[in-house]
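In: Attaching a predicted model along with its sequence, questions to come.
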Amino acid sequence: LIQMFIPLNFMGVIYRQIKQSLTDIERLFTLLDVPQEIKDKPTARPLELKGGEVRFVNVHFGYDPDRQILHGVDFTVPAGHNVAIVGASGAGKSTLSRLLFRFYDVTSGEILIDGQDIRDVTQASLRAAIGIVPQDTVLFNSSIYFNIAYGRPTATREEVIEAARAAHILSFIESLPKGWETTVGERGLKLSGGEKQRVAIARTLLKNPQILIFDEATSALDTQTEKNIQFELKEISRNRSTITIAHRLSTIIDVDEILVMERGQIVERGNHRSLLAHQGVYAELWAMQQEARDH
Ligand code: ATP
């Protein structure tokens with residue numbers, strides 16, 4: 001019994017860690033064969049994607065019934081637009097993306113994609129529509145080829161190479177003695193933060209989702225790498241509905257709308273200029289980050 005219990009328990013731990021770290025996990029569910037907490041309705045249909053509009057309507061949510069985290073969150077990401085979410089640690093930013101990916105169901109309110117409540121569609125179709133570039137990309141102890149191709153396992157070798165080229169990691173891969181067959185991950189070559197993000201970008205390019213979530217890393221990369229990654233992210237977010245969870249305000253100056261969260265509510269919204277003019281929470285955050293940068 002103990003022998004059976006340990007691996008199951010271990011799987012549970014892995015599952016929770018992955019869920020928490022917002023990895024692109026739809027395939028891991030099948031790899032790990034872990035029962036899903038959220039079930040498809042018997043009447044669930046595949047999501048019918050039009051432009052990829054995302055709407056949160058008066059969303060309330062708590063991980064535990066006695067501790068509500070989100071208190072009536074309302075926003076829309078029009079198809080193809082770019083919305084950023086900022087706010088202090090614990091404000092509820094990542095929770096929004098976990099709900100959109102339907103790791104959990106809302107307590108009340110609804111989340112709609114192209115007008116369809118995400119509880120009414122199949123999870124497979126929902127997760128196929130959303131790509132995530134997480135804060136910290138999980139690499140499998142396998143070849144770098146596998147790690148990128150995993151974005152769309154049916155992709156051809158040419159497509160995988162093309163995605164690596166577009167994510168600006170192809171020349172790095174080709175410079176390795178074992179090239180595409182190099183083992184990466186814990187037991188292989190350790191990649192830098194920037195290289196891992198590029199693997200995530202290449203995966204996402206292969207997946208080609210209509211909706212994108214960028215969970216910006218809290219630890220800054222060096223300035224040049226950061227600039228390059230920003231450029232690549234901008235490229236792949238073109239014509240896709242994009243939600244950026246941002247920690248550095250300098251990376252989101254030109255998004256369509258910025259939502260400022262505090263304790264589970266949106267307290268300010270607007271573009272960078274209008275929020276600065278408003279002289280509220282955002283303007284204060286901006287001033288603090290400018291000051292930190294100048295010192
Ligand atoms: P950060 O910028 O630090 O990533 P955040 O704004 O993304 O923060 P969330 O991760 O959304 O914050 O967390 C919001 C609140 O929900 C926090 O108080 C956190 O403790 C709580 N929380 C997050 N995950 C869980 C969980 N799995 N179970 C219970 N509470 C959780």
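Out: Here it is on my side, so go on.

In: okay, CA-based contacts and neighbour counts for the rest of this
Out: OK.

In: near the ligand, which residues of the stretch 51-200 of the chain show up?
Out: Within reach of the ligand by CA under 6 Å from any ligand atom, the stretch 51-200 of the chain has these residues: 63, 69, 88, 89, 90, 91, 92, 93, 94, 95.

In: now for those, which pair is the farthest apart?
Out: The most widely separated members of these, counting by CA to CA, are 63 and 88 (18.8 Å).

In: mind listing the strands for the stretch 51-200 of the chain?
Out: For the stretch 51-200 of the chain, the strands defined by DSSP state E, counting those that start in this stretch cover 54-61, 70-77, 82-87, 108-113, 116-117, 130-133.

In: Least confident of these, on average?
Out: Among the strands of the stretch 51-200 of the chain, strand 130-133 carries the lowest mean pLDDT, at a mean of 90.

In: low pLDDT regions in this structure?
Out: In the predicted model, the chain carries pLDDT under 70 at residues 1-36, 218-221.

In: If you drop the residues flanking it in sequence, what lies closest to the residue nearest to the spatial centre of the chain?
Out: Residue closest to the mean C-alpha point of the chain, counted by CA atoms, centre = their mean, is residue 132 at 3.2 Å. Computed as CA to CA, 6 or more residues apart in numbering, the closest residue to residue 132 that is not its neighbour in sequence is residue 213, at 4.8 Å.

In: Pull the number of nearby residues for that neighbour.
Out: Applying other CA atoms under 10 Å, we find 24 residues neighbouring residue 213.

In: can you check residue 187 too?
Out: When neighbours are counted by other CA under 10 Å, residue 187 registers 10.

In: Ok, residue 38 next?
Out: The local packing of residue 38 (other CA under 10 Å) involves 12 other residues.

In: didn't it look like it was pressed against residue 101?
Out: No - using CA atoms under 8 Å, residue 38 is not in contact with residue 101, being 11.0 Å away.

In: and the gap between the residue nearest to the centre of the chain and the ligand?
Out: According to CA to the nearest ligand atom, to the nearest Å, residue 132 stands 14 Å off from the ligand.

In: circling back to that earlier point, how big is the angle separating the helix or strand hosting the residue nearest to residue 132 from strand 82-87?
Out: If you go by DSSP states H and E, residue 213 is part of strand 211-215. Using axes from the mean of the first three to the mean of the last three CA atoms, to 10 degrees, the direction of strand 211-215 lies 30 degrees away from that of strand 82-87.

In: So what's the gap between the very next helix or strand once past strand 211-215 and the chain middle?
Out: Counting by DSSP H and E, the next helix or strand C-terminal to strand 211-215 is helix 223-237. Counting by CA atoms, centre = their mean, to the nearest Å, helix 223-237 is centred 15 Å from the centre of its parent chain.

In: Packing partners of helix 223-237?
Out: When contacts are defined as 3 or more CA pairs under 8 Å, 6 or more residues apart in numbering; DSSP states H and E, helix 223-237 packs onto helix 193-207.

In: which other helices and strands contact the helix it packs on?
Out: Using 3+ CA pairs under 8 Å, 6+ apart: helix 193-207 touches strand 130-133, helix 144-149, helix 157-166, helix 223-237.

In: The second one: how far from the chain's middle?
Out: What that stands for is helix 144-149. Per CA atoms, centre = their mean, the displacement of helix 144-149 from the mean C-alpha position of its chain is 19 Å.

In: Who are the packing partners of it?
Out: By 3+ CA pairs under 8 Å, 6+ apart, helix 144-149 packs against helix 157-166, helix 193-207.

In: Among these, show me which one is buried the most.
Out: When the helices and strands packed on helix 144-149 are scored by mean count of other CA atoms under 10 Å, the highest mean neighbour count falls to helix 193-207 (a mean of 24).

In: can you give me the angle it makes with helix 223-237?
Out: Angle of helix 193-207 versus helix 223-237, following the same axes, to 10 degrees, is 10 degrees.

In: Could you give the separation of helix 193-207 from the chain centroid?
Out: Centre-to-centre, helix 193-207 and its host chain are 12 Å apart (CA atoms, centre = their mean).

In: what does that helix rub up against?
Out: With contacts defined as CA atoms under 8 Å, 6 or more residues apart in numbering, helix 193-207 is touched by 128, 131-134, 136-137, 139, 147-152, 155, 159-160, 163-164, 166-169, 221, 225-226, 229, 233, 236.

In: Just the buried ones out of these, please.
Out: Those of the contacts of helix 193-207 that meet the buried threshold are 128, 131-134, 136-137, 139, 147-152, 160, 163-164, 166-169, 229, 233, 236, by 16 or more other CA atoms under 10 Å.
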